[in-house]
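Trainee: Make a model of this:
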Amino acid sequence: MKTFFVTGTDTDVGKTVATCQLLRGFAAQGLRVAAMKPVASGCTLVDGELVNADVVAHRAASNVAVPAGLANPYRFAPPISPHLAAREAGVAISLDHLVDCTAQLQALADVLLIEGAGGWHAPLTDEADMQTLAQRIGAPVILVVGMRLGCLNHALLSANAIVAAGLPLAGWIANRVDPAMDRYDDNLAWLRQHLPAPLLADIAHTPDAADGAIAATQLVQLAM
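Mentor: Okay, the predicted model is just below:
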């Protein structure tokens, strides 16, 4: 089975949109697909249970039903950094627990996508961040670049940090979060030249993760 860690150049760059389009793309190839959001803040209370919108979108795009406790082990209501939300809730985020949840999900699917929160160095605890978790899991990384002013710097910094962490950068996805971005094609061309990984998909602006799928031809490199 294949596992990929999906990270982004920042918060609100479309990691969930990209993750769901990847899920639908893999599912269209007849593969069993599932997703995981290890830690989520900004959850809402539904029937007495905290629910994260990203996880709901994952579930709709997946074809393997997984327990909520594995799909999203840590859930918090305040829309703040996970380490602060956990501290306020009196919860200690355990990387061992997250790694164990990952292993259980890997046994259920052909492809597992793990969507991080925030960017590559978003903190989980006072000592660990998303990079630490990705290193513990050891999966190749897919970088979602939010295409807007400033993205060239953010993309290169993120890619360099991933490589420096000793993890393979499997590819990157351009997500046009700013539909009016000036010189879009020029910026995309610069990133294709300078990022040390292939462009997997160029996603048009979309307000949510409800539709769209990355074409099978674009996923060939990931399946190898």
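
Trainee: all strands of this structure, in order?
Mentor: Assigned by DSSP state E, the strands in the chain fall at 2-8, 33-36, 39-40, 44-46, 49-51, 74-75, 111-119, 141-146, 169-175, 199-203.

Trainee: If you average pLDDT per helix and strand, which one of this structure comes out bottom?
Mentor: Among the helices and strands of the chain, helix 220-223 carries the lowest confidence by mean pLDDT, DSSP states H and E, at a mean of 65.

Trainee: that older thread, from the strands of the chain, which stretch is densest packed?
Mentor: strand 141-146 (a mean of 28; mean count of other CB atoms under 10 Å). The C-beta positions use only the backbone N, C-alpha and C, and glycine is treated the same way.

Trainee: and the angle from that one to strand 111-119?
Mentor: 50 degrees (axes from the mean of the first three to the mean of the last three CA atoms, to 10 degrees).

Trainee: Where do the helices of this structure begin and end?
Mentor: Taking DSSP state H, the helices of the chain run over residues 15-27, 53-61, 68-71, 82-89, 95-106, 130-137, 151-164, 184-194, 220-223.

Trainee: Any chance of CSV for the ones you listed, columns distance to Pro123 and mean neighbour count?
Mentor: Output for those, formatted as CSV (distance: least, CB to CB, whole Å; neighbours: other CB atoms under 10 Å):
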stretch, distance to Pro123, mean neighbour count
helix 15-27, 17, 26
helix 53-61, 18, 19
helix 68-71, 22, 16
helix 82-89, 4, 18
helix 95-106, 12, 16
helix 130-137, 8, 20
helix 151-164, 14, 18
helix 184-194, 27, 13
helix 220-223, 28, 14
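
Trainee: Please produce TSV containing those, extended by distance to Ala213.
Mentor: TSV is the format used below for the helices of the chain (distance: least, CB to CB, whole Å):
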stretch	distance to Ala213
helix 15-27	4
helix 53-61	8
helix 68-71	20
helix 82-89	29
helix 95-106	21
helix 130-137	25
helix 151-164	23
helix 184-194	20
helix 220-223	14
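
Trainee: Out of those, flag the one nearest Asp211.
Mentor: helix 15-27 (8.4 Å; CB to CB).

Trainee: what is the orientation angle of the closest one with strand 169-175?
Mentor: For helix 15-27 against strand 169-175, the angle by the same axes, to 10 degrees is 110 degrees.

Trainee: how distant is helix 15-27 from the center of its chain?
Mentor: Centroid separation for helix 15-27 versus its chain: 10 Å, with CA atoms, centre = their mean, to the nearest Å.

Trainee: give me the number of residues near Pro168?
Mentor: Residues contacting Pro168 under the criterion other CB atoms under 10 Å number 13.
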